[in-house]
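> this is a predicted model, with the sequence first.
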Amino acid sequence: MIALLSAAIWDYLIGDPRSWIHPVQLMGWIIQLCSQFVIRVTAQKWLRRIGGVILGLGLIFGSGLVGWLIIAGAKIIHPCLGRGIEIILLASCFAGKSLRVAAEDVLDTLKEGDIVKARSQLSRYVGRDTENLSETEILRAILETVAENAVDGVTAPLFYAIVGLFIPGVGSLPLALGYKAASTLDSMIGYRREPYADIGWFSAQLEDRLTWFPCRLTVLTLALFSGNPRQVLAICRRDAIRDPSPNSGWSECVYAAILGVQLGGVNTYGGVVKKKPLLGNCDRPITAETIYEALRLTRYCFLSWLVITGLWIINS
């Protein structure tokens, strides 16, 4: 628990130093190398699916095992060394500060009135085309990114880190790294388009299932923070189920419901126009302050889970 609390503080104050190699970068290199190899040497759908299963399970369990071995080896050298490495690696699983910095970078540029630069900055963080977005559309894109990644990048890794605390001999890091591996697999190869439709099928399905419970727990926690959980959950049940994603629709919708804004609508990806379902009620426009409110909600959710876990451990 001490390592988990320290990692949370590290992520809030320091985040991911840009000069350091991030574990997700290593995972990405492995995914790219292995997926391209499977695509190159196989042509049949079933072979690519088998290759995708092996890649997915291998990276997820391998990431957790490597993390466990690194900590175990470092503790043999010195317990403090092991604890320090554990804190740094565990902090790398949380994207709280990275998400905040990304949003603030674009918001600061918008505040300066440079919409062209803001579009360019936004393109580093979102998959949609940004070249022709208006200021209103840029603000919506930022809020949707903050809302969606609140689960994938913040609360879900914390959930699995907490679960790891209660598994003897395992600890927080292996499960958190395993989840990050699943999330990275989904973001890189979990697509329905070729050449990833078969090799990425398993990773996409697995990530959806791994994220399902922490996503719902996040929605419930945020709804309680809102002060009007019945209304928030009613809006989520009305709108989130229309989103094709089993998780991102709920994640985005709970923020929209609490903040009184509307997310979703028309986006363009690689020149292809896609219409996503509208989430929430358009009671007020999306502003920079709305996005800062969303970031605070994520932080409160994260902290509340830590406090509840700490109290549980103390009382037991």
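Yep, that arrived.

> what segments of this structure are helices?
2-13, 23-41, 45-77, 79-92, 96-111, 115-122, 135-150, 156-165, 172-189, 201-226, 229-239, 248-259, 288-315 (DSSP state H).

> which other helices and strands does the third one contact?
Judged by 3 or more C-beta pairs under 8 Å, 6 or more residues apart in numbering; DSSP states H and E, helix 45-77 is in contact with helix 23-41, helix 79-92, helix 172-189, helix 201-226. All C-beta atoms are positioned from the backbone trio N, CA, C, and that covers glycine.

> how far does it sit from its chain's centre?
Its chain's C-alpha centre and that of helix 45-77 lie 19 Å apart, by C-alpha atoms, centre = their mean, to the nearest Å.

> repeat that for the first one.
In terms of C-alpha atoms, centre = their mean, the gap separating the centre of helix 2-13 from the centre of its chain is 17 Å.

> model confidence for Gly280, exactly?
Here the pLDDT value assigned to Gly280 is 95.

> the residue nearest to Ile76 when sequence neighbours are not counted: neighbouring residues, count only.
In this structure, Ile76 finds its nearest non-sequential neighbour in Gly82, 7.8 Å apart by C-beta to C-beta, 6 or more residues apart in numbering. Counted with other C-beta atoms under 10 Å, residues neighbouring Gly82 total 18.

> list the contacts of stretch 306-316.
If you take C-beta atoms under 8 Å, 6 or more residues apart in numbering as the criterion, stretch 306-316 is touched by 1, 4-5, 8, 158, 162, 165.

> which of those residues lies closest to Val126?
Top of the list for closeness to Val126, among the contacts of stretch 306-316 and by C-beta to C-beta, is Leu158 at 23.3 Å.

> wait, the closest one sits on Trp305?
Yes - judged on C-beta atoms under 8 Å, Leu158 makes contact with Trp305 at a distance of 5.8 Å.

> state the distance from the residue of the chain most remote from its centre to Leu90.
Within the chain, the residue lying farthest from the chain centre (C-alpha atoms, centre = their mean) is Ile77, at 33.4 Å. Relative to Leu90, Ile77 is positioned 19 Å away (C-beta to C-beta, to the nearest Å).

> over to Ile50?
Taking C-beta to C-beta, one finds Ile50 at 33 Å from Leu90.

> between those two, which one's more packed in?
Comparing Ile50 with Leu90 by neighbour count (other C-beta under 10 Å), the higher total belongs to Leu90, at 27 against 16.

> any idea how far the more buried one is from Ile189?
Leu90 is 25 Å from Ile189, by C-beta to C-beta.

> now do Ile70
Separation of Ile70 from Ile189 (C-beta to C-beta): 26 Å.

> ok, these two, which is more surrounded?
Taking neighbours as other C-beta under 10 Å, Ile70 and Ile189 compare with Ile189 leading, 26 against 16.

> contact partners for that one?
By C-beta under 8 Å, 6+ apart, the residues touching Ile189 are 31, 35, 52, 196, 199-200, 203.

> got it, and Leu263?
140, 143-144, 147, 252-253, 255-256, 278-280 are the contacts of Leu263 under C-beta under 8 Å, 6+ apart.

> and of those, the nearest to Thr290?
Among the contacts of Leu263, and counting by C-beta to C-beta, the member closest to Thr290 is Leu143, at 6.4 Å.

> ok, how many other residues are close to that closest one?
Neighbour tally, Leu143, other C-beta under 10 Å: 25.

> shift numbering so it begins at 56
Okay, residue one is now 56; in that scheme the one you just asked about reads as Leu198.

> do you know the pLDDT at Ile142?
At Ile142, the model reports a pLDDT of 95.

> er, Leu279 actually
Confidence for Leu279, expressed as pLDDT, is 95.

> same check on Asp169?
92.

> what's the answer for Ile57, then?
Per-residue pLDDT puts Ile57 at 89.
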